[in-house]
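the amino acid sequence is not available; the structure is as follows:
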């Protein structure tokens, strides 16, 4: 018997039926499915993990820092929400004894290799095995991976282990140091920082400081109209109003066309997607967060529709039988015309990008079926059209420029138009083009000019990152991996360090950045993280794992020593930022009654929430709020009455958005729906959220308590650290 270890149940099923050439016996143990396959006169038993069945934990001691005594333990013994994984581990342990060969068929990357290696050494109690390597879950790919399996990729697994250990060392110790610091200042707050999270926060915070320091400057542009087209003065921006006025005065109509330029150029297709470029494009087209794009892409992969998504490659090697993939797409109505056109012209050599990944090719289609959700279909369509467009001819474009002499001043207009669609026609509607065709002009032509004007404008601050552009920036700085960058962004949001689609660092996030910049700038330094990443690559290439771990520990110990004796000082800075964030999170906008104070969400001593004015007791304006729903500012005013609006949150999504004004006739709006959200009746939602509280004693008491609390919130005693229960040792000790 040979035991095949897979990463997920859905993948195990596909592998079983592929290796059984369409036939496999589905069985169950402890309620967990596994498969028996007759092959080559023997039996294959295909089992599944559910991601990491083992995780790192502190071996013993209090939850303090520094802590380096860690060991592998079953995930269900360490994480409260991982109880479901125990039956999968028990199933593998029951079926493993007596196998003549142990085959790792987990995803071919360092995480998949580590999952398989831990299962082998701890659950199966073996150190040696073989490895299937595949980039798609089609029967042909899986058959080839099984027949061509090689020895276990131990260096990859050890690189994954080293990454997990260093991430634990840095993440747990630095996070404990921060939380201990803020506790010493009298507050309790879940905080985290790590070897990638720190530099990522630094990128955002430095951008925030650049924006804050930006001083907008006025400038002027001088324009006119010729044949219905806007022309601008060729001097560009005028820094002084007088200079712009002088140029305007020196202009006259009619003008004379001095130059007409038309130049054709070729625009090549974009390369096939790697994960980062897919996340950026999906955000641009569909506003999908990077983490959502990865989730949808993983689902498409597990359903045999696309290749493995966690890739850095923009290459499509010929061994993929690219003609066959195009032929299969030609049988799908949505892609029939494009695919048949490519085949008719024998265009089966793709344009590729520079990025490569030795483990996996660029993301490409591997199958198609109609039964997809709306979001999955959008992402699949994007991937399929990008793939096909890589084989098409370049587009032909024409750049145009016309210059006109007006008095003693020159004015110019530029345009671009598509001459030949080429790959544009395949990648539509995802092509982003500026199509501006100028009217016909001829050199020496006299042209009537009109609408001369001088517009005052202001320079704009640097643009903030979006979630997608931040993921791309992390890749440029070699921070994190293709599989983890999206989760780094989500963690920054979850911890309250930053937020928004145009990412803004919160006061709390700035406090964390400023504190670490003064005390331990190494935590924010991308060079340290990049150095660790380089060490991981060396381990994957067969170098010493223990040296990389010991070097990382030594650097971290030096950083942690800097916290000694300075926790309270650090904590006070963090607490100040936390208070500012809390105040900002609760402010709704100007009070419409007094015009001086700000409306703020307040909780009474009895735990009831309402809205009051920060100008209390001078202003006693209050509004009631629905209870049992988390209320946050909507960030806008009611279109009908101008009163601030609120959003009510339930579960993971917005439940409703309403106006606070009880006399306003606007209806509550459902902002978005999720499976856990029941759509509220709009007519009832608005009054429920906005009925005024008239002189309620509870509200007055809460106002008296809450307004000064904005300056000095009541301190909570520091929670005592609990010792973790001793965990069972996981199989063999490493």
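Cool, the structure landed. Just so it is clear, the model here is predicted, and its values are computed rather than measured.

quick one: what helix or strand has residue 469 in it?
Assessed by DSSP states H and E, residue 469 sits inside helix 467-476.

would you mark the buried spots in that helix?
Neighbour-count burial for helix 467-476, with 16 or more other CB atoms under 10 Å as criterion, is recorded at 467, 468, 469, 470, 471, 472, 473, 474, 475. For every residue, glycine as well, the C-beta is placed using N, CA and C.

surely the second one touches residue 280?
Yes - the pair residue 468 / residue 280 is scored as a contact, 4.7 Å apart, by CB atoms under 8 Å.

okay, now the unreliable bits of the chain?
Within the chain, the ranges that satisfy pLDDT under 70 run 650-655, 666-734.

can you give the domain ranges for it?
The chain breaks down into these domains under automatic domain parsing: 2-152, 163-213+464-577, 218-268+395-458, 275-389, 591-709.

just put those in JSON lines and tack on distance to residue 585.
Output for the domains of the chain, formatted as JSON lines (distance: least, CB to CB, whole Å):
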{"stretch": "domain 2-152", "distance to residue 585": "27"}
{"stretch": "domain 163-213+464-577", "distance to residue 585": "8"}
{"stretch": "domain 218-268+395-458", "distance to residue 585": "30"}
{"stretch": "domain 275-389", "distance to residue 585": "21"}
{"stretch": "domain 591-709", "distance to residue 585": "7"}
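
where does residue 144 fall, phi/psi-wise?
Here is the backbone geometry of residue 144 (degrees, to the nearest 10): phi -60, psi -40.

quick one, what contacts it?
By CB atoms under 8 Å, 6 or more residues apart in numbering, the residues touching residue 144 are residue 134.

and the gap between it and residue 132?
In this view, residue 144 and residue 132 are 9 Å apart by CB to CB, to the nearest Å.

any idea how far residue 81 is from residue 517?
For residue 517 relative to residue 81 (CB to CB), the value is 35 Å.

higher neighbour count, the two?
Neighbours were counted for residue 517 and for residue 81 using other CB atoms under 10 Å; residue 517 has more, 14 against 8.

I figured that one was touching residue 524, is that so?
Yes - shown here, residue 517 and residue 524 form a contact pair, counting by CB under 8 Å, at 6.3 Å.

for the closest residue in space to residue 193 that isn't next to it in sequence, which residues are in contact?
Distances taken as CB to CB, 6 or more residues apart in numbering place residue 174 nearest to residue 193, at 4.7 Å, with adjacent residues excluded. Residues near residue 174 by CB under 8 Å, 6+ apart: 193, 194, 198, 523, 556, 559, 560.

so what's the gap between the helix or strand containing residue 174 and the chain middle?
For residue 174, the host element (DSSP H and E) is helix 154-184. Relative to the chain's own centre, helix 154-184 is displaced by 21 Å; criterion: CA atoms, centre = their mean, to the nearest Å.

which helix or strand lies directly C-terminal to that helix?
helix 197-213.

elements contacting that following helix?
Judged by 3 or more CB pairs under 8 Å, 6 or more residues apart in numbering; DSSP states H and E, helix 197-213 is in contact with helix 467-476, helix 485-494, strand 504-505, helix 507-519, helix 526-540.

for it, buried residues please.
Within helix 197-213, the residues scored as buried using 16+ other CB under 10 Å are 197, 198, 199, 200, 201, 202, 203, 204, 205, 207, 208.

and the second one, how far from residue 479?
The span separating residue 198 from residue 479 equals 10 Å under the rule CB to CB.

mutual contacts of those two, please.
Residues touching both residue 198 and residue 479 (CB under 8 Å, 6+ apart): residue 529.

using a markdown table, lay out the helices and strands packed on helix 197-213 together with distance to residue 306.
Formatted as a markdown table, the helices and strands packed on helix 197-213 follow (distance: least, CB to CB, whole Å):
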| stretch | distance to residue 306 |
| --- | --- |
| helix 467-476 | 19 |
| helix 485-494 | 17 |
| strand 504-505 | 34 |
| helix 507-519 | 35 |
| helix 526-540 | 25 |
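
these: which one's closest to residue 8?
Nearest of those to residue 8, taken as CB to CB: helix 485-494 at 17.9 Å.

tell me the strands beside the very next helix or strand once past that closest one, with direction?
Next helix or strand after helix 485-494 toward the C-terminus (DSSP H and E): strand 498-499. Using DSSP bridges, strand 498-499 pairs in its sheet with strand 504-505 (antiparallel).

relative to the whole chain's centre, how far out is the strand it pairs with?
For strand 504-505, the distance to the chain centre is 15 Å (CA atoms, centre = their mean).

now do stretch 206-221
Distance of stretch 206-221 from the chain centroid (CA atoms, centre = their mean) equals 27 Å.

from residue 149, how far off is residue 41?
For residue 41 relative to residue 149 (CB to CB), the value is 18 Å.

can you count the residues close to the closest residue to residue 562 other than its chain neighbours?
In space, residue 562 comes closest to residue 520 once its chain neighbours are excluded; the distance is 5.0 Å by CB to CB, 6+ apart. The number of residues packed near residue 520 is 22, by other CB under 10 Å.

might one say that residue 520 is in contact with residue 556?
No - between residue 520 and residue 556 there is no contact under CB under 8 Å: 10.0 Å.

more crowded one of residue 41 and residue 149?
residue 149 (19 against 5).

OK, contacts around the more buried one?
Residue 149 touches 103, 130, 131, 132, 133, counting by CB under 8 Å, 6+ apart.

kindly recompute the last result at 10 Å.
By CB atoms under 10 Å, 6 or more residues apart in numbering, the contact list for residue 149 reads 4, 101, 103, 104, 105, 129, 130, 131, 132, 133, 134.

who is the third one paired with across the strands?
For residue 103, the beta-bridge partners under DSSP bridges are residue 4, residue 130.
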